[in-house]
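J.: what shape does this take:
(one chain, ligands or ions: 2)
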Amino acid sequence: MLNTALKILEVIESHGYKAYLVGGFVRDYLLNLDTNDIDINTSATPKELKEIFPDSVIPKDDYGAVVVLRKNIRFEITTFRKEIAYKDNRRPIQIMYIDNLYQDLLRRDFTINAICMDKDGEIVDFLNGREDLEQHTIKTIGNSDEKFSEDALRILRAVRFATTLDFDLTEEIECAIKRNKKLLKLLSYERKREELDKIFTSKNAKKGISLLIRLNLDCELDLLSLNEVKYTDSLMAIWAILNVTDLYPFTSNEKELIQSIQEVYQFDNMNRTILYKYGLYVSSVVEEMRGQSTKEITELYNSLPIHDRKDIMVTGDDIMKALNRPEGSYLKKIFDDIEQEILYNRLENRKENILLYCTEHYKS
Ligand code: ATP
Ligand code: MG
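T.: Ligands and ions are numbered 1, 2, ... in the order given. The predicted structure follows:
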């Protein structure tokens, strides 16, 4: 991965520009952690990068980055820039390309995210990010109040890195977060969710959630049930407790899962009707939320005679024939009935048994 990245730097530099690895990749590399994407910053403009890498693409939320794919790794290449104007405490609305690495580093959020690596693999660290990395400290580049008021997402990024890296926030950052927390209201729920998901899916989620509560960010984020969160491997279990599908964006599948978890969580005890209706996954998530082992319900689920209505060994046609009746709404009622009988082992799931039951109970 590193060799592929250094090769890209070499290609850009062979055209007379400067280029460095920067941000998450260098940070995680020094911490011995895996990264997916690699950020590069360069003096080449997007137009010049397009000429160097004809197969590169410009992402649809065009903010002057060029994306190059090599060996399944996504390289996001941005031109050295100064951010001139910010709108509503979120994202710059005006940027200026510059020819200076140091200036580009100053516009970034935290010192640990401003460490660079050159094409020879040498670390270039103008802002002493490495020292903070070694001390496990998250420090803003320059004044924290200014950083957070330029882009309030940095508040959540600070909490996110404190969580995923298990680092500490400086006193200055903590105070500035408390002073600027109201600005979170101005961010889109979509951007907030991206950061929150990274906090919630971290192995260290407990620390992240305590930090959000301690810094009083729960109200600002509309997450009033944050202190009731239960820790499981399911991200949607956390969102189910937070109960904010009317505010935060979720896909229809996520919404469905959240709703099922909320419904099952309301029942006091697990039983075969719930297991059958909601399935093993949702039931297991809820058991874990309650701090229970999933062994018992897994055994019960596996012992169920049917797991879906499709498993019932008769069709509507079979029943119509047996009862000598045309199609009608009565069929649904019969299926509801035999489904329960089979589920509770009062009726065997065999065609002749079911049809005999139907003729005994439903023949007019
Ligand atoms: P990861 O990719 O692991 O989420 P990252 O630090 O690489 O973490 P990216 O969103 O990929 O985060 O951003 C790349 C770099 O761009 C960051 O390391 C940081 O230097 C800078 N950056 C990203 N978002 C901001 C921001 N909101 N304000 C200032 N600088 C930022
Ligand atoms: Mg990154």
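J.: ok, whichever residue of the chain sits closest to ligand 2 - contacts?
T.: In the chain, the residue that lies nearest ligand 2 is Gly24 (3.4 Å; CB to the ion). All C-beta atoms are positioned from the backbone trio N, CA, C, and that covers glycine. Contact criterion CB atoms under 8 Å, 6 or more residues apart in numbering gives Thr35, Asp37, Asp39, Asn113 as the residues in contact with Gly24.
J.: do you know how far the residue nearest to the third one when sequence neighbours are not counted is from ligand 1?
T.: Yep, that's Asp39 we're talking about. Setting aside the residues directly before and after it, Asp39 is nearest to Gly23 in space (CB to CB, 6 or more residues apart in numbering), at 3.9 Å. For Gly23, the distance to ligand 1 equals 3 Å [CB to the nearest ligand atom, to the nearest Å].
J.: what are the phi and psi values for Gly23?
T.: Taking degrees, to the nearest 10, you get phi 80, psi -140 for the backbone angles of Gly23.
J.: so it makes contact with Ile112?
T.: No. With the criterion set as CB atoms under 8 Å, Gly23 and Ile112 do not qualify as a contacting pair; they are 9.5 Å apart.
J.: burial measure for Glu51, as a count.
T.: By the measure other CB atoms under 10 Å, the count of residues near Glu51 is 11.
J.: cool, the one 3 residues further on as well?
T.: Applying other CB under 10 Å, we find 6 other residues in the vicinity of Pro54.
J.: in this structure Glu76 contacts Asn41, no?
T.: No. Glu76 is beyond contact range of Asn41, at 9.6 Å (criterion: CB under 8 Å).
J.: those two: which is more packed in?
T.: Using other CB under 10 Å as the criterion, Glu76 and Asn41 rank with Asn41 on top: 24 against 17.
J.: so which bits of this structure are right by ligand 2?
T.: The interface of the chain toward ligand 2, taken as CB under 5 Å from the ion, is made up of Gly24, Asp37, Asp39.
J.: how many neighbours does the residue lying closest to the second one once chain neighbours are set aside have?
T.: The one in question is Asp37. The spatially closest residue to Asp37, leaving aside those adjacent along the chain, is Arg74, at 4.9 Å (CB to CB, 6+ apart). Residues contacting Arg74 under the criterion other CB under 10 Å number 13.
J.: on that earlier part again, return the member of the residues of the chain next to ligand 2 nearest to Ile342.
T.: The shortest distance between Ile342 and any of these, using CB to CB, involves Asp37 and amounts to 50.9 Å.
J.: gap between the closest one and Leu30?
T.: Spatial separation of Asp37 from Leu30 under the definition CB to CB, to the nearest Å is 16 Å.
J.: who has more neighbours out of the two?
T.: Remark: of Asp37 and Leu30, Leu30 carries more neighbours, 17 against 12, as counted by other CB under 10 Å.
J.: so that one touches Ile115, yeah?
T.: Yes. Leu30 sits in contact with Ile115 when judged by CB under 8 Å, with a separation of 6.9 Å.
J.: got any residues that touch both of the two?
T.: Taking CB under 8 Å, 6+ apart as the contact definition, Leu30 and Ile115 share the neighbouring residues Ile123, Arg130, Leu133.
J.: who wins on neighbours among those?
T.: Ranked by the number of neighbours (other CB under 10 Å), the shared contacts of Leu30 and Ile115 place Leu133 first, at 21 neighbours.
J.: any idea how far the nearest residue to that residue once chain neighbours are set aside lies from Tyr265?
T.: Using CB to CB, 6+ apart and skipping residues adjacent in sequence, the residue nearest Leu133 is Ile112, 5.1 Å away. Distance of Ile112 to Tyr265, given as CB to CB: 38 Å.
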